[in-house]
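> everything below, folded, please.
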Amino acid sequence: MNQKNRLTLYILLALVLGVVIGYVINVSTPNPAAFAEYMSLVTTLFLRLIKMIIAPLVFSTLVVGIAKMGDAKEVGRIGAKALGWFVIASILSLSLGLILVNLFRPGDAMVAHLPPAGAVSGIVTTSLTLKEFVTHLVPSSIVDGMAKNEILQIVIFSLFFGTAAAAVGARANPMIEAIDGVAHVMLKVTGYVMNLAPIAVLAAVSGIIAKSGIGILSTYGIFMGEFYIAILVLWVVLTIAGFIFLGPRVFALLREVREPTILAFSTASSEAAFPKTLEGLERFGVRNRIAAFVLPIGYSFNLDGSMMYCTFATIFIAQAYGIELSLSTQLTMMLVLMLTSKGMAGVPRASLVVIAATLGQFNIPEAGLLLLLGIDHFLDMARSATNVIGNAIATAVVAKWEGELSDPGTVEPATSPLK
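Numbering: from 1, shown residues only. This next block holds a predicted model:
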């Protein structure tokens, strides 16, 4: 068994063992919340290690990739194709969530569990205005953007930096080689950090089960089950879309990103899977300059699982309170979410923040978020894994359009010397 498959197996075993340990702690100790608190320290440490990697890895791989392109027009063309795919995928995800939540109607089963309409959820409901979104695109300081892990701001700066390096020509080659060396080092650091992934998964799952109890899965079983069915349907739709452009190779792609998908699911963090997703795409045959360019942008504009969750959860809350929304109102809500969801990247509990802002705009009690807070971790597991699948397929399709998709094993890796 190679190292990649071995790590995947360890993560799966840690996931199962975490459920068992969490259940035992929950039923046998007087203060399971204390255990959950200690476990959260382990999970937080792992996620902080991942965040430590993200900024230098995105900057180094993206700058080198753009410098190798050498043409600003090529960068613009690839970016336009990527954004076109992201918009279509966003519409599909939001629409599918809207259709399935109206078909399943999970909110009807939650009437007995409703919190008072005036209860406070504790989620800040500040909405993202167009002015705030536009000004947020460009960092006032790249150091500040990197310190806060603002992926979109890092991407914008890297676009300018890489394009300028390409325009300078031969004089920039030593600097680009040095930055390529940074990418090499960061991928090695990624390998070290990923060895801790099974421990982090064990801590995350055991902690949440110990704190909430296994009963939370049965109390909200209908809603969670139907949401997971909706996620599986979205996976099928994304796979079909990938099959149209990639053919049978889309299944090989899903195998390559199996490990980062499981990691994202287990830790409920799309960010945790970023480095491994980048590696998986390169093994699949996507050239580094495409993968390093499209994937970071996808983390800001192509969160398919999170977008489906926004429509699914918002209508679910409306159903629970007996609020029937007309088709036109639901379509308007979808358009609002289409815009506001683009500001989610890098915001803690971002989906809940977006949902909270949307509820207020459509006169749905914000207290309905209390229905979701207890199980949000389990829902986040599904949407984080879906974000990885969606971005992997999007990146591979753009590479195919650009003629930059080679047979597995023939692509120059990110860690190779610049030529």
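> what pLDDT is listed against the residue nearest to Gly285 when sequence neighbours are not counted?
Distance criterion C-beta to C-beta, 6 or more residues apart in numbering; nearest residue to Gly285, sequence neighbours excluded, is Ser406 at 4.4 Å. Where C-beta positions appear, they are placed from N, C-alpha and C, glycine not excepted. Note for Ser406: predicted pLDDT of 86.
> can you report how many residues lie near Ser406?
Neighbour count for Ser406, taken as other C-beta atoms under 10 Å: 14.
> any low-confidence regions in the protein?
1-5, 70-71, 110-136, 216-219, 339-350, 374, 408-419 (pLDDT under 70).
> can you map out the helices along the stretch 201-350 of the chain?
Here the stretch 201-350 of the chain has its helices, by DSSP state H, counting those that start in this stretch, at 215-219, 221-246, 249-256, 258-267, 274-284, 288-301, 304-320, 327-340, 350-361.
> touching, the residue nearest to Gly285 and Arg283? I think so.
No: assessed by C-beta atoms under 8 Å, Ser406 is found out of contact with Arg283, at 10.9 Å.
> would you turn the helices of the stretch 201-350 of the chain into a markdown table with mean neighbour count?
Shown next, in a markdown table, are those (neighbours: other C-beta atoms under 10 Å):
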| stretch | mean neighbour count |
| --- | --- |
| helix 215-219 | 14 |
| helix 221-246 | 18 |
| helix 249-256 | 18 |
| helix 258-267 | 24 |
| helix 274-284 | 25 |
| helix 288-301 | 26 |
| helix 304-320 | 27 |
| helix 327-340 | 16 |
| helix 350-361 | 21 |
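> among these, which comes closest to Gly162?
Of all the helices of the stretch 201-350 of the chain, it is helix 288-301 that lies closest to Gly162, at 8.8 Å by C-beta to C-beta.
> give me the helices and strands touching that closest one, please.
helix 32-69, helix 72-104, helix 151-168, helix 274-284, helix 376-401 (3 or more C-beta pairs under 8 Å, 6 or more residues apart in numbering; DSSP states H and E).
> starting at the chain centroid, how far to stretch 300-317?
Its chain's average C-alpha position is 12 Å from that of stretch 300-317, according to C-alpha atoms, centre = their mean, to the nearest Å.
> need the helices of the stretch 201-350 of the chain in a markdown table with distance to Val63, can you?
Listed next are the helices of the stretch 201-350 of the chain as a markdown table, based on distance: least, C-beta to C-beta, whole Å:
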| stretch | distance to Val63 |
| --- | --- |
| helix 215-219 | 45 |
| helix 221-246 | 28 |
| helix 249-256 | 25 |
| helix 258-267 | 23 |
| helix 274-284 | 14 |
| helix 288-301 | 9 |
| helix 304-320 | 27 |
| helix 327-340 | 29 |
| helix 350-361 | 27 |
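> nearest to Ala165, of the ones you listed?
helix 288-301 (12.8 Å).
> that older thread, for Val58, find the nearest of the helices of the stretch 201-350 of the chain.
Nearest to Val58 among these is helix 288-301; the distance by C-beta to C-beta comes to 4.8 Å.
> now the closest one - C-alpha only, CSV.
C-alpha atoms of helix 288-301 as CSV (Å, rounded to 0.1, in the frame of the first residue of the first chain):
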residue,chain,number,x,y,z
ASN,A,288,0.9,23.3,-12.4
ARG,A,289,0.5,26.7,-14.0
ILE,A,290,-3.2,26.0,-14.5
ALA,A,291,-3.9,24.2,-11.2
ALA,A,292,-2.1,26.9,-9.2
PHE,A,293,-4.1,29.6,-10.9
VAL,A,294,-7.6,28.2,-11.1
LEU,A,295,-7.8,26.3,-7.8
PRO,A,296,-7.2,29.3,-5.5
ILE,A,297,-9.8,31.4,-7.4
GLY,A,298,-12.2,28.5,-7.0
TYR,A,299,-11.8,28.7,-3.2
SER,A,300,-13.4,32.2,-3.4
PHE,A,301,-15.9,31.8,-6.3
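> gap between it and the chain center?
In this view, helix 288-301 has its centroid 12 Å away from the chain centroid, taken as C-alpha atoms, centre = their mean.
> distance of the closest residue to Thr239 other than its chain neighbours relative to Leu92?
The spatial neighbour of Thr239 that comes closest, neighbours along the chain excluded (C-beta to C-beta, 6+ apart), is Val250 at 6.0 Å. Distance of Val250 to Leu92, computed by C-beta to C-beta, to the nearest Å: 16 Å.
> cool, Met146 as well?
In terms of C-beta to C-beta, Met146 sits 33 Å off from Leu92.
> with Ala34 instead?
44 Å.
> the two: which has the busier surroundings?
The neighbour comparison of Ala34 against Leu92 (other C-beta under 10 Å) goes to Leu92, with 18 against 13.
> look up how far Met69 lies from Met224.
Per C-beta to C-beta, Met224 is found 44 Å from Met69.
> please apply the same query to Leu254.
28 Å.
> go on, Val201?
Distance from Val201 to Met69, counting by C-beta to C-beta: 37 Å.
> in terms of neighbours, single out the busier of those two.
Higher neighbour count among Val201 and Met69: Val201, with 28 against 19, using other C-beta under 10 Å.
> verify the contact between that one and Leu15 for me.
Yes: look at Val201 against Leu15 with C-beta under 8 Å: they come within range, at 5.6 Å.
> identify the contacts common to those two.
Any residue near both Val201 and Leu15 by C-beta atoms under 8 Å, 6 or more residues apart in numbering counts here, and that gives Ser266.
> now Leu92, nearest residue through space, not along the chain?
Val237 (6.2 Å).
> doesn't Phe265 make contact with Ala272?
No: using C-beta under 8 Å, Ala272 is not in contact with Phe265; the gap is 10.0 Å.
> list the buried residues in the helix or strand hosting Thr190.
Under DSSP states H and E, the secondary-structure element containing Thr190 is helix 173-194. Across helix 173-194, burial judged by 16 or more other C-beta atoms under 10 Å covers 176, 179-180, 182-183, 186-187, 190, 193-194.
> make JSON lines out of the residues you listed and add distance to Gly390.
As requested, the buried residues of helix 173-194 are exported to JSON lines (distance: C-beta to C-beta, whole Å):
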{"residue": "Ile176", "distance to Gly390": "31"}
{"residue": "Ile179", "distance to Gly390": "28"}
{"residue": "Asp180", "distance to Gly390": "28"}
{"residue": "Val182", "distance to Gly390": "28"}
{"residue": "Ala183", "distance to Gly390": "24"}
{"residue": "Met186", "distance to Gly390": "24"}
{"residue": "Leu187", "distance to Gly390": "23"}
{"residue": "Thr190", "distance to Gly390": "21"}
{"residue": "Val193", "distance to Gly390": "24"}
{"residue": "Met194", "distance to Gly390": "21"}
